[in-house]
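Participant: this one's structure only:
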């Protein structure tokens with residue numbers, strides 16, 4: 001069974017850090033670009049970051065530039081999202097998704113995880 005599983009989401013105080021993981025099973029992530037999306041209550045899903053299959057190219061939404069870092073370890077079949085200087089506005093369910101290339105549109109992505117909840121609150 002082909003699937004992505006996110007982990008690492010939890011409650012954190014403003015200014016804190018979290019590292020999200022996206023692990024694949026049933027297929028190799030190294031053939032895919034991996035993106036992180038997020039969806040806050042009452043809002044549309046939005047792209048956060050994306051990394052190419054080689055890891056050479058990375059993209060970030062303006063609202064996370066300088067705070068979030070995406071990386072991948074193809075040997076572990078896992079992609080990470082390091083999130084620093086978290087703000088209450090970062091509260092959302094975070095999803096990872098796999099596609100042939102990076103795009104900010106969600107519909108081309110072939111595989112999706114179930115999401116992990118990130119809550120930033122004091």
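Facilitator: Yep, it's here. Because the structure is predicted, anything quoted here is derived from the model rather than measured. Residues are numbered from 1 along each chain as shown.
Participant: What's the local residue count around residue 24?
Facilitator: When counting by other C-beta atoms under 10 Å, one arrives at 23 neighbours for residue 24. Every C-beta, even on glycine, is put in place using the N, C-alpha and C of the backbone.
Participant: Which helix or which strand is home to it?
Facilitator: Counting by DSSP states H and E, the element that carries residue 24 is strand 18-25.
Participant: Pairing partners for that strand, with directions?
Facilitator: strand 3-7 (antiparallel), strand 78-83 (antiparallel) (DSSP bridges).
Participant: Look up how far residue 122 lies from the spatially most central residue of the chain.
Facilitator: For the chain, the residue nearest the mean C-alpha position is residue 36 (2.7 Å; C-alpha atoms, centre = their mean). Distance of residue 36 to residue 122, computed by C-beta to C-beta, to the nearest Å: 24 Å.
Participant: what does the strand holding residue 24 contact?
Facilitator: Taking C-beta atoms under 8 Å, 6 or more residues apart in numbering as the criterion, the residues outside strand 18-25 that touch it are 1-10, 12, 34, 36, 76-83, 86, 94, 96, 98, 111, 113, 116, 118.
Participant: Spell out for me the PyMOL command that would select the buried members of those residues.
Facilitator: Selecting just the buried residues from the contacts of strand 18-25 in PyMOL takes one command, with 16 or more other C-beta atoms under 10 Å as the test:
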select buried, resi 4+6+8+9+12+34+36+77+78+79+80+81+83+86+94+96+98+111+113+116+118
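Participant: beta partners of residue 21?
Facilitator: residue 7, residue 80.
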